[in-house]
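Student: Generate a structure from the sequence data that follows.
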Amino acid sequence: MLKNRNIVCFSSIDWDFIWQGHQEIMSTFAKNDSRVLFIENTGVRPPNLKDMPRIKSRIRNWFKGVKGIRKEADNLYVFSPLILPFPYSRIARLINCRLILSVLEKWMQAVDFTDPIIWVFLPTGLTLDLINHLDKKMIIYYCLDNLKKVDVSTKRIEKYEKKVIQKSDLVFVTSDALHGYCAEVRCADQIYKFPFTVNIAKFDRNKINSLSAPPDLKGIKRPIIGFSGGVRKWIDRDLIKYLLSSNPEFSFVFVGPIQMDIRDLSCFKNAYFLGQKTHDELPVYINNFDAAIIPYLVNDFTRCIFPAKLNEYLALGKPVISTDLPELKEMLKKYGDNIIHIADTKEKFSDRVKLVLKSDDEVAINKRIQAAKENSWEYYIEKMSDLIEKKIEEKRLDTEEKWKENLLVFYRKSRKKVFKFATICILLYIFLFKTSFIWLVASPLKISQPPHNANAIVVFGGGVGETGSPGKSTIERARYAVELFKKGYADYVIFSSGYTYKYNDAENMKLFAVSMGVPEKNIILEDKSSSTYENVMFSKNILDKKGWNSILLVSSPYNMRRASLIFRKYGNRLKIFYLPVKENQFFDRTEGVKLEQINAIFHEYAGIIYYWLRGYI
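Tutor: Below you'll find the predicted structure:
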């Protein structure tokens, strides 16, 4: 038996659903000192109104645990993730993968859950994404059904299932038909058949015979022809109606959740639908059947299944009558008519029911019990464990034997990654520095107009400007403002900047202007602003107090677009002429593109986006 392993199970059902092989296998491993994380069904189709009870249950289960993870038993944890219900949407998959991993990775770290075996019942795109992100010892895929035939909406699952089959180290199947399907994708010698079966200890006839019949069976007359399991669309309605109408002396009892409309069946007086029972209660109900039936339709889906209920019936010695399912024919060949009776018409089915009620005996009962023991979960899980341990050892030895080859492969992959990275860097360099792309990007930022007479020249200080160091861009702007002042375009100059590096930026511009012949009385300082937004707002306050309504705005070419957007929102009454500095290294195309030019231009776009988000523009 598999021991001291970590197992992550991607289940196709929820833990609290009808007890099946999913719960049986994982709980068995947990009882044998392996730790299991059971991840509940993440979906193969979009939900509908019928799924509302399951959705409510999922939300309740999420709140039962920590971020959806709860401890169900010793060594057994159940994860009930809340995700977007769109299994075939790429965006939803990306989001769901991140949502699950954000919890899963933290939980695995918290409990030291490393190097797990990945056990897959649900081969979806999301499962693939999660597998690819997890460090793992090996991958097992247990193929239970022909999933693409379950529903119209599940047809798209096939491509993901095939990828899971290819990635898996071992593949288990429940039928010969599924073995053939999986063998189309990978080597048949790594595919093993393990039909869903029975826990003999729970279905021990000697123990259960001593228990009285459940209350809801006591009022039902015998003989009782029973069915256990979900009453759903795979049930042959016409067959059930025929059995009910042609055998009014028999009571037909259905034990399991109702998953389809049964109004046309429940109107028969000899039909009893008792609803879902716990797995611990189920043996007592089956033990009170006089015969058990498997009345499934025969179609593309059911041709691939092995009904787990068969061995539950046999373990309690019950005669079984079934429709013509391929997998049950194999049982018939192996064990004979005393074990299972197969009928290919509704008339024959009814006749077989009557036959077994008349001819059953203790010898046949014991043969059925023995057949169930030979196909029990105890036997199958032991065989699965042996295969898993063998595969783990094979992988370990293979890794040791091929360490040189693996190391070389690692270096080859590393070289490829380095080459790809270098190629991307070179192409990016050529694209940014050797084409006109940057100038195309920069051109929308630049607004340039001829100078006109105005009330004042407003100069936005450069701070550290485009260069990343103080002073250089500030002098460029002050110099241009002085030139405009001397040409008589305005009588006043407003220097706006609160940036300080040893000395205030606005003060520096004033000192430079005065040294160039601008009278100090014609200079106004605004020395509080720390951003383009504040440059605009604080300058506008000065203009409003002076009653001025026209300005020449001097700043760097790249800053003009952002300033204009702010003025458009807050300075509608102002007439503004935008005059970027004439000679600016960041728009100088003669020496090619420089890194600081790229930084300045993209920094300005980032500023525009930030201002838009803040509502400044």
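
Student: from what I can see Pro116 touches Val8, true?
Tutor: Yes - Pro116 is in contact with Val8 according to Cβ atoms under 8 Å; the separation is 4.7 Å. C-beta here means a position set from N, CA and C on the backbone, and glycine is covered the same way.

Student: other SSEs contacting the helix or strand of the chain with the lowest mean pLDDT?
Tutor: Ranking every helix and strand in the chain by mean pLDDT, DSSP states H and E puts strand 500-501 at the bottom, with a mean of 74. Contact here means 3 or more Cβ pairs under 8 Å, 6 or more residues apart in numbering; DSSP states H and E; on that basis strand 500-501 packs against no helix or strand.

Student: One more pass at 10 Å, please.
Tutor: Packing partners of strand 500-501 (3 or more Cβ pairs under 10 Å, 6 or more residues apart in numbering; DSSP states H and E): helix 505-515.

Student: residue contacts, Met1?
Tutor: 28-29, 31-34, 378, 381-382, 384-386, 389 (Cβ atoms under 10 Å, 6 or more residues apart in numbering).

Student: still on that earlier bit, Pro116 and Val8: which is more packed in?
Tutor: Set side by side, Pro116 and Val8 show more neighbours around Val8, with 24 against 21, by other Cβ atoms under 10 Å.

Student: That one in helix, strand or coil?
Tutor: Put simply, Val8 is strand when judged by DSSP: H, G, I helix; E, B strand; the rest coil.

Student: Helices - which of the contacts of Met1 land there?
Tutor: 28-29, 31, 378, 381-382, 384-386, 389 (DSSP state H).

Student: From these, pick the one nearest Ile365.
Tutor: Distance to Ile365, by Cβ to Cβ, is smallest for Glu378 among those, at 20.6 Å.

Student: Would you agree that closest one is in contact with Val198?
Tutor: Yes - counting by Cβ atoms under 10 Å, Val198 is a contact partner of Glu378 at 9.4 Å.

Student: Mind checking which of the two has more residues around it?
Tutor: When Glu378 and Val198 are compared for neighbours, Val198 comes out ahead with 26 against 15, by other Cβ under 10 Å.

Student: Any idea what that one is bridged to?
Tutor: Ser376 (DSSP bridges).

Student: Could you report the pLDDT at it?
Tutor: Note for Val198: predicted pLDDT of 91.

Student: what's near enough to touch it?
Tutor: Taking Cβ under 10 Å, 6+ apart, one finds 21, 24, 283, 308-316, 372-373, 375-378, 380 in contact with Val198.

Student: ok, now how distant is it from Asp74?
Tutor: 23 Å (Cβ to Cβ, to the nearest Å).

Student: repeat for Glu40
Tutor: 19 Å.

Student: Of these two, which one has the most company?
Tutor: Taking other Cβ under 10 Å, Glu40 and Asp74 do not tie; Glu40 has more neighbours (25 against 9).

Student: Let's see the pLDDT reported for the more buried one.
Tutor: Value listed for Glu40 in the pLDDT field: 96.

Student: Against Ser80, how distant is it?
Tutor: In terms of Cβ to Cβ, Glu40 sits 5 Å off from Ser80.

Student: where do the contact lists of these two overlap?
Tutor: Joint contacts of Glu40 and Ser80 (Cβ under 10 Å, 6+ apart) are 14-16, 57-58, 61-62, 68.

Student: could I get those residues as JSON lines with distance to Lys346?
Tutor: Shown next, in JSON lines, are the shared contacts of Glu40 and Ser80 (distance: Cβ to Cβ, whole Å):
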{"residue": "Asp14", "distance to Lys346": "34"}
{"residue": "Trp15", "distance to Lys346": "37"}
{"residue": "Asp16", "distance to Lys346": "35"}
{"residue": "Ser57", "distance to Lys346": "37"}
{"residue": "Arg58", "distance to Lys346": "39"}
{"residue": "Asn61", "distance to Lys346": "41"}
{"residue": "Trp62", "distance to Lys346": "45"}
{"residue": "Gly68", "distance to Lys346": "46"}
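
Student: Which of these has the largest number of neighbours?
Tutor: Using other Cβ under 10 Å as the neighbour criterion, Gly68 leads the shared contacts of Glu40 and Ser80 with 24 neighbours.

Student: start to end distance for stretch 320-336?
Tutor: With Cα to Cα, to the nearest Å as the measure, stretch 320-336 spans 12 Å from end to end.

Student: chain center to that stretch: distance?
Tutor: 40 Å (Cα atoms, centre = their mean, to the nearest Å).

Student: Now whichever strand or helix holds Leu428: buried residues?
Tutor: Using DSSP states H and E, Leu428 sits within helix 403-433. By neighbour count on 16 or more other Cβ atoms under 10 Å, the buried set for helix 403-433 is empty.

Student: so where is this structure shaky, pLDDT-wise?
Tutor: For the chain, applying pLDDT under 70 flags the ranges 148-154, 463-472, 583-591.

Student: contacting residues around the nearest residue in space to Glu526 that is not next to it in sequence?
Tutor: Leaving aside its chain neighbours, Glu526 sits nearest to Ser496 (4.1 Å; criterion: Cβ to Cβ, 6 or more residues apart in numbering). By Cβ under 10 Å, 6+ apart, the residues touching Ser496 are 458-461, 505-506, 509, 524-529, 532, 534-539, 542, 553, 555.

Student: No more questions from me, cheers.
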